[in-house]
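Colleague: Fold the following.
(4 chains)
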There are 2 protein chains.
Amino acid sequence: MIERRDVFQAIADPTRRMIIQKLSRGPLNIGQIVEDSGITRQGIAKHLKVLNECGVISLTQKGREQFCEARLDQLDEVVDWVNASRRLWNQRFEKLDKFLAETKNNNNETSR
Amino acid sequence: MIERRDVFQAIADPTRRMIIQKLSRGPLNIGQIVEDSGITRQGIAKHLKVLNECGVISLTQKGREQFCEARLDQLDEVVDWVNASRRLWNQRFEKLDKFLAETKNNNNETSR
DNA sequence: ATTTTGCACAACCAAATGGTTGTATTTATA
DNA sequence: TATAAATACAACCATTTGGTTGTGCAAAAT
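Modeller: Here you go, the predicted structure:
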């Protein structure tokens, strides 16, 4: 299996989505993210590593503490992909409409 | 580990995203999806099972063949989540602006 | 100076993932 | 009717995932 490190992978896990949501309100250090999360610091640290590798957060050392900041612009890739799929989907209907319009007058059997 | 079956999981895998893209152009049977995919029919079938369980595609038996159709409306959940995160993010800046505006006149040391 | 806090690193674990092959079954087709 | 096509189902496999505990170390706080 190939270790995948992209935005889609970043948001695939509910714990990571929770982390992103928390960080959307402002930068936090690990301890603050751990609070009420229900999992250990080490568990959170692993998720932060993944999120960092996916480019969704940035980590900056500040003395003893490590501050995590969200990089939400990276989520564009996800929205772009969804929109591209939707565009194809809509084209499909346009083609169908065109086809129906063209065959409408030629065939009196074009029942719904 | 818990077997997660949601839209985020559905689009996490590149092969599944490829399948969704193909299906965005119109319904296909398994054989057509397998074409040029580079993986076996059984591999594709497994992905289709996941996509179906996540509600991103629907499967309908048609004689010997099975037709797969995309249910792109399910992707709304992803876009909604991204937008919610962005909303929080923007609120953060609004609060900062407000804070700066309030402290501007009280403190002559509000350097950039 | 000692203790606490925050974190990094490593090992471990069960379950999930993303494939494969192999076999059987049903449905069209020659 | 025999054969080919499309699928279903199961077993297998290596790797990844999402956690855990345990140890050690540097930076703050007392």
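
Colleague: Look through chain A and state the residue closest to DNA strand C.
Modeller: Going by CB to the nearest atom of the strand, DNA strand C is nearest to residue A:30 of chain A, at 3.3 Å. In short, each C-beta sits where N, CA and C put it, glycine included.

Colleague: Now do the same contact list for that residue.
Modeller: The contact partners of residue A:30, by CB atoms under 8 Å, 6 or more residues apart in numbering or on different chains, come to A:41, A:44, A:45, A:48, A:65, A:66, A:68.

Colleague: Please list the members of these that lie in helices.
Modeller: Secondary structure from DSSP state H places A:41, A:44, A:45, A:48 of the contacts of residue A:30 in helices.

Colleague: Of the residues you listed, select the buried ones using a ChimeraX command.
Modeller: The buried residues among these can be selected in ChimeraX (16 or more other CB atoms under 10 Å in any protein chain shown) with this line:
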select /A:44,48
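
Colleague: Please produce TSV containing the ones in helices among the contacts of residue A:30, extended by distance to DNA strand C and pLDDT.
Modeller: Below are those laid out as TSV (distance: CB to the nearest atom of the strand, whole Å; pLDDT from 0 to 100):
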residue	distance to DNA strand C	pLDDT
A:41	6	97
A:44	9	98
A:45	5	97
A:48	7	98
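
Colleague: Of the ones in helices among the contacts of residue A:30, which are in range of DNA strand D?
Modeller: Filtering the ones in helices among the contacts of residue A:30 for neighbours of DNA strand D using CB under 7 Å from any atom of the strand leaves an empty set.

Colleague: and the two most separated of the ones in helices among the contacts of residue A:30?
Modeller: A:41 and A:48 (10.1 Å; CB to CB).

Colleague: how about stretch A:17-30: buried residues?
Modeller: Applying 16+ other CB under 10 Å to stretch A:17-30 flags A:18, A:19, A:20, A:22, A:23, A:24, A:28, A:30 as buried.

Colleague: Not counting sequence-adjacent ones, nearest residue to the first one?
Modeller: Going back to what we said before, that points to residue A:18. Distance criterion CB to CB, 6 or more residues apart in numbering or on different chains; nearest residue to residue A:18, sequence neighbours excluded, is residue A:37 at 7.0 Å.
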